[in-house]
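*Asks:* Sharing a model that was predicted from the sequence below.
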Amino acid sequence: MTYLGYPNTTGLATMDYRITDAEADPPGMTESHHTEKLVRLPTGFLCYQPPTECPPPRDARQANSSSVTFGSFNNLAKLTKQMIGVWAEILQRTPGSKLMLKAEGLASTVAQSDVHAEFASHGVVASRIQLIGFLPWLEEHLAAYHGIDIALDTFPYHGTTTTCEALWMGVPVVTLAGKSHRSRVGVSILTRARATELIASTLQDYIERAVGLAADCSRRWQIATSLRDGMRRSQLMSLAGFIAGLEAQYERIGLRSVAP
């Protein structure tokens, strides 16, 4: 059985099952990509447990439409040329907005220059792009979300921990639903967190949702102020329910394997 940490098939005939859920791997959509039989947990394929020492959520009351800051704390390897082009369009359609990017690789001045140059090729000046490298303390890392109004998920490789952290810190995350597990993790997380309105179905929809949310302060405030409590009550953080569902699948599969 394979599970968590590698969002793809092993390709091994000796691996029988892969654990997932119906949002990350909708029935009929991704079976052909796997040599394993997909086991879909009803509570979602992951369970988020925030750090005990954690800053409070962002104060969404400070939100306004004249100085919106988008952000992404995903791994730098996910930052493709297409991704930068899409984010540049979002910035161009929201005058006065900025984009905060945080990743360990951005400690490099060469990487910073490359990112700025790519945005510049789309007409976005460096002063609108804030780049942050590695922050050694978890509390400092989480507090950095206070500087973001809207998080933009990467695609085709979605964020996982970064998406959960953003939501926990009161930052809405716009994601684009794809057709493989790596492109649907955000769908699973946002569905469990009761924030499906942030899921886009097409690339243009992704842009429109981000731009529309930037222009609507009251809606951003409503979403942001409900995120942490919504997560607490959701399946995404139901540790007991998650474990019970996982153990039930272990038992079901185990009994099947020893049946005469």
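*Replies:* On my side now, so go ahead.
*Asks:* Show me the contact partners of stretch 115-123.
*Replies:* 79, 81, 84-85, 87-89, 92, 101, 106, 125-126, 128-129, 131 (CB atoms under 8 Å, 6 or more residues apart in numbering). C-beta: built from backbone N, CA, C; applies to glycine.
*Asks:* Pull out the buried positions in it.
*Replies:* Residues of stretch 115-123 classed as buried by neighbour count (16 or more other CB atoms under 10 Å): 115, 116, 118, 119.
*Asks:* And the third one, which helix or strand is it part of?
*Replies:* Translated: residue 118. Using DSSP states H and E, residue 118 sits in helix 109-120.
*Asks:* Quick check: what element follows that helix along the chain?
*Replies:* strand 129-132.
*Asks:* From the contact counts, what lies against that following strand?
*Replies:* strand 98-102, helix 109-120 (3 or more CB pairs under 8 Å, 6 or more residues apart in numbering; DSSP states H and E).
*Asks:* And the ones you listed: which comes nearest residue 220?
*Replies:* Across the helices and strands packed on strand 129-132, residue 220 has its closest neighbour in strand 98-102 (15.4 Å, CB to CB).
*Asks:* Tell me how far that closest one lies from the chain's centre.
*Replies:* Relative to its chain's centre, strand 98-102 lies at 15 Å (CA atoms, centre = their mean, to the nearest Å).
*Asks:* ok, and what's touching it?
*Replies:* 67-73, 79, 87, 91, 115, 128-133, 135, 141, 144, 147-148, 152.
*Asks:* 6 Å instead?
*Replies:* Applying CB atoms under 6 Å, 6 or more residues apart in numbering, the contact partners of strand 98-102 are 69, 70, 71, 72, 73, 128, 129, 130, 131, 132, 147, 148.
*Asks:* what about burial for the residues you listed, which qualify?
*Replies:* Among the contacts of strand 98-102, those classed as buried by 16+ other CB under 10 Å are 69, 70, 71, 72, 73, 128, 129, 130, 131, 132, 148.
*Asks:* Rebuild those as CSV, extending it with distance to residue 183.
*Replies:* Output for the buried ones among the contacts of strand 98-102, formatted as CSV (distance: CB to CB, whole Å):
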residue, distance to residue 183
69, 25
70, 20
71, 20
72, 16
73, 19
128, 27
129, 25
130, 27
131, 25
132, 26
148, 22
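*Asks:* Identify, from those, the entry nearest to residue 165.
*Replies:* For those, the nearest to residue 165 is residue 73 (7.4 Å; CB to CB).
*Asks:* So the closest one sits against residue 161, correct?
*Replies:* No: using CB atoms under 6 Å, residue 73 is not in contact with residue 161, being 9.2 Å away.
*Asks:* For the stretch 51-200 of the chain, which segments are assigned as helices?
*Replies:* With DSSP state H, counting those that start in this stretch as the criterion, the stretch 51-200 of the chain has helices at 81-92, 109-120, 138-143, 161-168, 185-192.
*Asks:* circling back: greatest separation within the buried residues of stretch 115-123: which pair is it?
*Replies:* The span of those, defined through CB to CB, is set by 116 and 118 at 7.4 Å.
*Asks:* Just grab the bridge partners of residue 69 for me.
*Replies:* Beta-bridge pairing of residue 69 under DSSP bridges involves residue 98.
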